[in-house]
Every structure is written in structure tokens, then in C-alpha cells.
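>>> Prediction below, plus the sequence it came from.
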Amino acid sequence: MIEVYAPASSGNFAVGFDLLGAALAPVSGALLGDIVAIESSNSGQDEFICSGKYAEKLAGPKEDNLAYQCLVHFREHVSSDMPACKLELKKNLPVGSGLGSSACSVVAAFAALDKFANTNLSQKQLLALMADFEEKVSGGRHYDNIAPCYLGGLQLCGDLVPNNSLALPTDENWQLVVAYPGFALNTAKARAVLPKEVSMHTSINYGQRLSAFTALCFSGQFDSAIALMKDELAEPYRQSLIAGFSDAKVALPELGAEVVAISGAGPTLLALTKSETQAQAIDAWLKENYLNENGFSHICKIDNRGTRVLEKGESDVIA
């Protein structure tokens, strides 16, 4: 059996709407993401199982499941002679969380199928496959969850970026607190509230922030880069959809958060600090004030490993 893990990710990363994304790794060492297990089928036919903490959110015909659709597509268009397999999606991320949940399922599925079938697809080929299926959910060909989930790190990504993704250097001292409040926010709904057009002033500011942030990361000026992490494109319109976000935006800087932003389309909140003590205080506040009984909060670092095959027993350590 092959088990492939795909980590959660935070799209937009405040300053890079639709273009930046960071893979996340809890400092506890636990896995925050989806796992796909694949092995030969004893029945001689492809089999599919959806399990895990959030499997019930994907209840219904297997044909509606993205991971199963990946299997069907892979057999029909990539490897028609692949041996019959049993593919299990272990759904460990909540749907509609702002943590790249659909990207996790798609990335883990295609990476596992590529390993199982020994097709040895290139990075560009796999990213293209993954983006095709992410489009089914988000309505657009976005890489800001797909690329960091698959490649790890902080990625600047898009159709105009060479190979669709470019890794940016990051500060090893960054502490990223991600808090899922316990309720879903549909990506389509989060996009529907955005304006169809923005002013020339807003466009120029966005371009300045993202280009300067990128240049500062490459030159190692991380504190100056953090100072530019502000979302003027989506956050002003989405924050009213997320109960408690406005309060957190006021409270967390007093605890040391240098950035407070919406992760992806929300409702997960992303806070950034460079202090472990401050990260713990931020995490505690969020657990007390931002989460319902179904929510969670984790202190994370950037996951530079990305999608990977797990060693025996690793899949048991779920965040």
C-alpha cells in the first residue's frame, strides 16, 4: 500500500490574492491535511472508499467525490493499462474551510495514482491535472492552494509564472496560527461578494504590494515583507461573512500578531508572528473567542516538504 499525504495550505497569504499560497505544518508534528491510500484491488475492478473525520461531509454517490473523479480521469486519459486499484481518501480537512481542502484531495489523489501507476509525470503535467480539477470547485484555474500543497513552501503561482509556480524564501522564525472557526464558507459565496471591477488606485496598490513583497522575500528582508501583508482586494468584502473575524482583527495585534488575515476564501483566520510565546497567546485567544465546538486552531510553520509518501505509522498522527 502507498499512502500519500497532502498538507493544508493558506491561499492568498494576505498580500497575494489568487497568486500566493503557503503549505502548513503544525509545530506539534501532527499532520494537517488529507491522505490518499492506494493499493491493488483484489476484485479486479477499481474500488473507492472515503473515510476520515470529515468523510460524512462528502456523503453521496462516489461519482460526486473529487478523488474518485481523479481516479476515473487518470485511467481514461493518463494510464489506461494501470492495474485495478483500491483508492481510499482519508478526509481529514473540513470542506469549505479556507485551508485548501479540495486541493488536498485532488493533489493527494493524483500524486498517489502517479506513484501507483509508475507514470512518472512531470511537475508541470501534475500541476496541470490538479488545476483542472480544482477548477471544478473554485470556478477558476487557481494554483494558490494546488501549488503549495503539492510543492510545499510559499509559492507565487499562476498561468504566467514559469512552470506555473515559483518558490519564495521565507523566514524560519515565522509562526503561523491558523484557526478554523467550525463552520463552512462556500467558496462560490465568498467569491460572489467580491466586486467585478476595482479602481486603478486599488490595482496599482495591489501590484506594488505583491511585487515588493516578492522582492523583499528574495533579498531576505522578511520584516519589511511582513509590513506589506495587507489584503485590500477581498478581505473588506468577505469579513462580514465570518462571525468573529472583525473582533479578532482588533484583539490579536495586541497579543503580538503582525498580520491577521483571512486564509483563502475563509472562514479560517491566519495570524503571523515571530514569537513562540506570542503564537501561544494568539492560539489561546482564538480557541477561547473564535471557535465553536467544531473548530480548531494550530500553531504552524511553513511546510517545505509538500506532498509526500508517508512512512509506516505516520498516517496515525492526525492534527
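Arrived safely.

>>> C-alpha from now on. contacts and neighbour counts both.
Noted.

>>> ok, Leu113 - contacts?
Contacts for Leu113 (C-alpha atoms under 8 Å, 6 or more residues apart in numbering) come out as Ile38, Leu71, Phe74.

>>> Out of these, which is nearest to Lys115?
Lys115 lies nearest to Ile38 out of the contacts of Leu113, by C-alpha to C-alpha, at 9.3 Å.

>>> quick one: least confident helix or strand in the protein?
Least confident helix or strand, the chain: helix 123-138 with a mean of 83, by mean pLDDT, DSSP states H and E.

>>> Restrict it to CA atoms and write it as PDB.
Taking C-alpha atoms only, helix 123-138 is exported to PDB below (Å, rounded to 0.1, in the frame of the first residue of the first chain):
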ATOM      1  CA  GLN A 123       5.800  18.600 -12.100                       C
ATOM      2  CA  LYS A 124       4.200  20.700 -14.900                       C
ATOM      3  CA  GLN A 125       2.000  17.800 -16.000                       C
ATOM      4  CA  LEU A 126       0.800  17.000 -12.500                       C
ATOM      5  CA  LEU A 127       0.100  20.700 -11.700                       C
ATOM      6  CA  ALA A 128      -1.900  21.000 -14.900                       C
ATOM      7  CA  LEU A 129      -4.000  17.900 -13.900                       C
ATOM      8  CA  MET A 130      -4.500  19.200 -10.400                       C
ATOM      9  CA  ALA A 131      -5.500  22.700 -11.600                       C
ATOM     10  CA  ASP A 132      -8.100  21.200 -14.000                       C
ATOM     11  CA  PHE A 133      -9.800  19.500 -11.100                       C
ATOM     12  CA  GLU A 134      -9.500  22.400  -8.600                       C
ATOM     13  CA  GLU A 135     -11.300  24.500 -11.200                       C
ATOM     14  CA  LYS A 136     -14.400  22.200 -10.700                       C
ATOM     15  CA  VAL A 137     -14.700  23.500  -7.200                       C
ATOM     16  CA  SER A 138     -13.400  27.100  -7.400                       C
END
